[in-house]
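Undergrad: When you get a sec, could you give me coordinates for this:
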Amino acid sequence: MENTTIALIAAIAAVVSALFAGISAYLAYRFKRADGKAGLEKELNRILEIGVQYPRFEYTPFTNDWINHRGEDDEIYLRYDIYCNMIYNFIHHVYEYYGGNKKKIENYVDVKSWIRMHRQNWQHPTDDNENVDGYDEPFRQFINSYLV
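TA: Take a look at the predicted model:
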């Protein structure tokens, strides 16, 4: 009888331990997701601040003229190139956060407008290999799906 009681207590302890381990893993996952979302919010706010500081970066005639100034030593176009890099890096972080799920990404941020607004910079980066070397193929396909 005593061995049966000890075995039963050990089995219950193992089940309770596994249950707590599962709960801990779940909570750690949720906290990590929350931290990731907070990081995205911070990154988005920084980009929006720059957009307010330099409104021409979101002005279609300016962005469409990118191709004519690509590679020039003109501070405003150099800043614009960095701004676009920040946007595409942010979109890549959102893409990774949502596992490439287009619907979830579009519900979080208006990627369509941003990608289309800054298409000249994406299609004609300062460094010709910037997008090939800087982003994985599924992400490049994701971006290019809005440019057809």
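
Undergrad: so where's the chain shaky on pLDDT?
TA: Across the chain, the ranges flagged by pLDDT under 70 are 1, 10-11, 13-35.

Undergrad: Could you find the closest non-adjacent residue to the residue nearest the centre of it?
TA: For the chain, the residue nearest the mean C-alpha position is His93 (1.8 Å; CA atoms, centre = their mean). Nearest residue to His93, sequence neighbours excluded (CB to CB, 6 or more residues apart in numbering): Leu40, at 6.1 Å. All C-beta spots, glycine's among them, are computed from the backbone N, C-alpha and C.

Undergrad: Distance of the residue nearest to the centre of the chain relative to Val148?
TA: 24 Å (CB to CB, to the nearest Å).

Undergrad: so the residue nearest to His93 is in which element?
TA: Element membership of Leu40 [criterion: DSSP states H and E] is helix 2-53.

Undergrad: I'd like the next helix or strand past that helix.
TA: Counting by DSSP H and E, the next helix or strand C-terminal to helix 2-53 is helix 60-64.

Undergrad: Kindly format the C-alpha coordinates of that following helix as CSV.
TA: Provided in CSV are the C-alpha atoms of helix 60-64 (Å, rounded to 0.1, in the frame of the first residue of the first chain):
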residue,chain,number,x,y,z
THR,A,60,4.0,61.5,-54.5
PRO,A,61,5.7,64.0,-56.8
PHE,A,62,8.8,63.8,-54.6
THR,A,63,8.8,60.1,-54.3
ASN,A,64,8.2,59.6,-58.0
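
Undergrad: How about the next helix or strand after it, which residues are buried there?
TA: Following helix 60-64 in sequence order, the next helix or strand is helix 66-69 (DSSP H and E). Buried residues in helix 66-69, counted by 16 or more other CB atoms under 10 Å: Trp66, His69.

Undergrad: Packing partners of the next helix or strand after helix 66-69?
TA: Helices and strands here follow DSSP H and E; after helix 66-69, the next one along the chain is helix 75-97. Helix 75-97 is packed against helix 2-53, helix 66-69, helix 102-108, helix 111-117, helix 119-123, helix 137-144, with contacts defined by 3 or more CB pairs under 8 Å, 6 or more residues apart in numbering; DSSP states H and E.

Undergrad: if we look at helix 75-97, which residues are touching it?
TA: Contact with helix 75-97 is made by 36-37, 39-40, 43-44, 46-47, 50-51, 54, 56-57, 62-63, 66, 69-70, 105, 108-109, 111, 114-115, 118, 121-122, 125-126, 131, 135, 139, 142-143, as judged by CB atoms under 8 Å, 6 or more residues apart in numbering.
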